[in-house]
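S.K.: build me a structure from this.
(2 chains)
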Amino acid sequence: MGWHGKLLRVNLTAGTCTPEPLNAEWAQTYLGQRGLGTKYLATEVDPRVDPLSPDNKLIIATGPLTGTNASTGGRWSAITKGPLTGAIACSNSGGQFGGELKMAGWDMLIFEGRAPQPVYLYLEDERAKLIPAENLWGQPVWDAEPAIKEAHGDPLIRVASIGPAGETGCLYACIVNDLHRAAGRSGVGAVMGSKQLKAIAVRGTTGVTVRDPQAFMKAAKAMHETLAVSKPRQGLSRHGTIAMMDVTGSYGALPTRNNREVQFEGADKLNAKALATPNENGHVNLIQNSACFACTIGCGRVSHIDPNHFSVKDKPRYQGASGGLEYETAYALGAAVGVDDLDAATYAGFLCNDYGMDPISLGGSIAAAMELYDVGAITDKDTGGIKLEFGNAEALCAVTEMIGKGEGIGADIALGSKRLCEKYGRPELAMMVKGQEFAAYDGRGMQGMGLAYATSNRGACHLRASPYAHDFQTLEVEEKPAMVKESQDFIAAIDSTGLCLFTKNVGAEMSHYADQVDAACEGGWDVDRLLALGERVWNMERQFNLAAGLSKADDTLPKRILEEPAPSGAAKGLTCKLGEMLPKYYELRGWTPDGAPKPETLSRLGL
Amino acid sequence: MQVSVKLVGILQDYYPEAAAEAADGDGPAQREIEGGTTVRALLDALGVPDETEYFIMVNDSLVEPQAAPARELADGDEVVLAPIIKGG
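M.R.: Residues are numbered from 1 along each chain as shown, chains lettered A, B, ... in the order given. Purely as a prediction, here's the structure:
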């Protein structure tokens, strides 16, 4: 009911696939997806493990609502120890893969060890098989995925795979599913590559049952209706997440040129209007929107690049329609690197999907490289002659290709901004927390986001808390610790259901999630129980990180954000007041002043 | 006295009439107002409801919602309304 009660344990070293009952007690306490997957990881993996060693595990987890017709009921997460951060990694993806996995009858997959030769896992309902993948190893995603479907003669197979970036050890390599969706952050693709696991291919024909179908349909309908009339939902459908470009640009929280500035003069060339307006050749980037499994929002963009553009001339592979710019991608491959070229950003985004790289960390790492080049720490000798200057669109595209293949300076940039800046002697220029690059929001402009970045369990992340509404209305920090804590908890709960966080952004209430989970699952679920679960998951992640060797010292921000005032915008003259917010945040969390959960907090949460 | 007003991004979908009035091609519209006009009064005149869908910048500085009714505008002020979008 909701859950199938079944996981598949794949021992890649031994080459075995073993079905196993899902731990029902854990399902009642951690629900699914993020919560349940993390419980399994934290129980089975030593937090001190080397993330790229066979002793790390990669968990692919759906939620109880994945595969149902709850709006956005298609999410799944890749959970492991992250090679980019040395911390818990939990990357959430949409597309079709998660729904298909659930329809095949599986709640979760656990990959252990390392295959002696490259393999992929093929699932056809309850049948599971590891198939040799030497012929696929080295292929980009856009070749590997169709090749797998063709090998089985079934175009309805859904595939999650890695590209060359995951195979060559890019520390922010991602897992790409359905050609242009991804479990993006923290290097989950590198873990998959370290296990010589090329892909997971699944075909599901069974479906998902729920505890009380009538109650479920009623609860699902209630959320559908709320979403249907929501103005922000309509905005997301029509414009995509890139609608945010005008927001942070106006406010002064759009990180520009490696966070040197907080507003970008080229933002008008990278916003929603630019996507939809004919360029000088009459070409329009945006074709239409797209939606994931069971999603009634449809925030995805389908785009194509102007065939006259330098990036795709003589490259028919990249001249077709594919997943277009999200806000994060437009920031990372635009403002962060000072490039105002919509087609260049779209091209680099296509490369991220084809080679399997997180565009946020890619852009943040290239931005760091550009600043290193600007101050002379990286020279033309290191770049092989590429003028790695802020604003150089050709350099952006060339270097992205090199990173995807692990070639030349690309091999260094593929390690992420932290290791890159350490190597070239300027560690303070890495705009990251715990090794993971900032997202498209500056922590001075948005003070709550600064706290969110510093305290996120997976490194700098814009999805672990939801400070947006508060941050866009006030720079006063007094209420921000409570606001950040509260949102971290409800997000952890939503991330455990199988639904998309965007439902909350556009007007769903916690009661919608509780009603749907209660109707789908046994055990009696309400809002309080979900929120307690979220807090429990947050603290479990924290415990894992502390055992892995992280500490309060890692709950910090780069010097630039703490000491260099924002040069313009709403927060002009301000730095991030993390020093004021962090102690209060720890206190509200029931943690010691050193950021460790107190025994009474752990006890209250059943940890 | 004159101020410039602009509604940014998806506010053009939320408040189409106000957005049309507050635009001059791609740029902000110039608007004649009386001395002593507050930010809130300006928005009321444009037909922008008092709700939490947007934030207000005057001369690139944030005006918090509760401050809008008391904040008086000056000649040459640049008023920008931008949507509050929750991100991802």
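
S.K.: give me the distance from the lowest-mean-pLDDT helix or strand in chain B to the chain's centre.
M.R.: The helix or strand of chain B with the poorest confidence is strand B:23-24; it has a mean of 88 (mean pLDDT, DSSP states H and E). Between the centre of strand B:23-24 and the centre of its chain there are 13 Å (Cα atoms, centre = their mean, to the nearest Å).

S.K.: again, but for stretch A:294-308
M.R.: 18 Å.

S.K.: next one: stretch B:56-65
M.R.: The answer for stretch B:56-65 is 9 Å, by Cα atoms, centre = their mean.

S.K.: hmm, who's touching that stretch?
M.R.: A:250-252, A:473-475, A:568-570, A:572, B:39, B:43, B:50, B:52, B:55, B:68, B:71, B:73, B:77-82 (Cβ atoms under 8 Å, 6 or more residues apart in numbering or on different chains). C-betas here are computed from N, CA, C, even on glycine.

S.K.: how about the helix ranked longest in chain B: buried residues?
M.R.: The helix that spans the most residues within chain B, counting by DSSP state H, is helix B:39-46. The neighbour-count check on helix B:39-46 (16 or more other Cβ atoms under 10 Å in any protein chain shown) flags B:39-43, B:46 as buried.

S.K.: could you point out which element follows that helix?
M.R.: As assigned by DSSP states H and E, the chain's next helix or strand after helix B:39-46 is strand B:54-58.

S.K.: so the residue nearest to A:Leu602 when sequence neighbours are not counted, which of the three states?
M.R.: Excluding the flanking residues, the one nearest A:Leu602 by Cβ to Cβ, 6 or more residues apart in numbering or on different chains is A:Asn539, at 6.7 Å. What DSSP: H, G, I helix; E, B strand; the rest coil gives for A:Asn539 is helix.

S.K.: the helix or strand that comes right after the least confident helix or strand of chain B and chain A, are they touching?
M.R.: Reading on from strand B:23-24 to the C-terminus, the next helix or strand found by DSSP H and E is strand B:27-32. No - using Cβ under 8 Å from any Cβ of the partner chain, strand B:27-32 never reaches chain A; the gap is at least 11.1 Å.

S.K.: partners of strand B:27-32 in the sheet?
M.R.: Looking at strand B:27-32 with DSSP bridges, its partner strands are strand B:2-7 (antiparallel), strand B:23-24 (antiparallel).

S.K.: can I get those strands in a markdown table including mean neighbour count and distance to A:Glu134?
M.R.: Formatted as a markdown table, the strands paired with strand B:27-32 follow (neighbours: other Cβ atoms under 10 Å in any protein chain shown; distance: least, Cβ to Cβ, whole Å):
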| stretch | mean neighbour count | distance to A:Glu134 |
| --- | --- | --- |
| strand B:2-7 | 21 | 57 |
| strand B:23-24 | 14 | 59 |
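
S.K.: so for A:Ala104, which of those sits nearest?
M.R.: strand B:2-7 (47.9 Å; Cβ to Cβ).

S.K.: packing partners of the helix or strand just after that closest one?
M.R.: Counting by DSSP H and E, the element after strand B:2-7 in chain order, helix or strand, is helix B:11-14. Counting contacts by 3 or more Cβ pairs under 8 Å, 6 or more residues apart in numbering or on different chains; DSSP states H and E, helix B:11-14 is packed against helix A:231-239, helix B:16-21, strand B:78-83.

S.K.: run the last query once more with 7 Å
M.R.: If you count contacts as 3 or more Cβ pairs under 7 Å, 6 or more residues apart in numbering or on different chains; DSSP states H and E, helix B:11-14 packs onto strand B:78-83.
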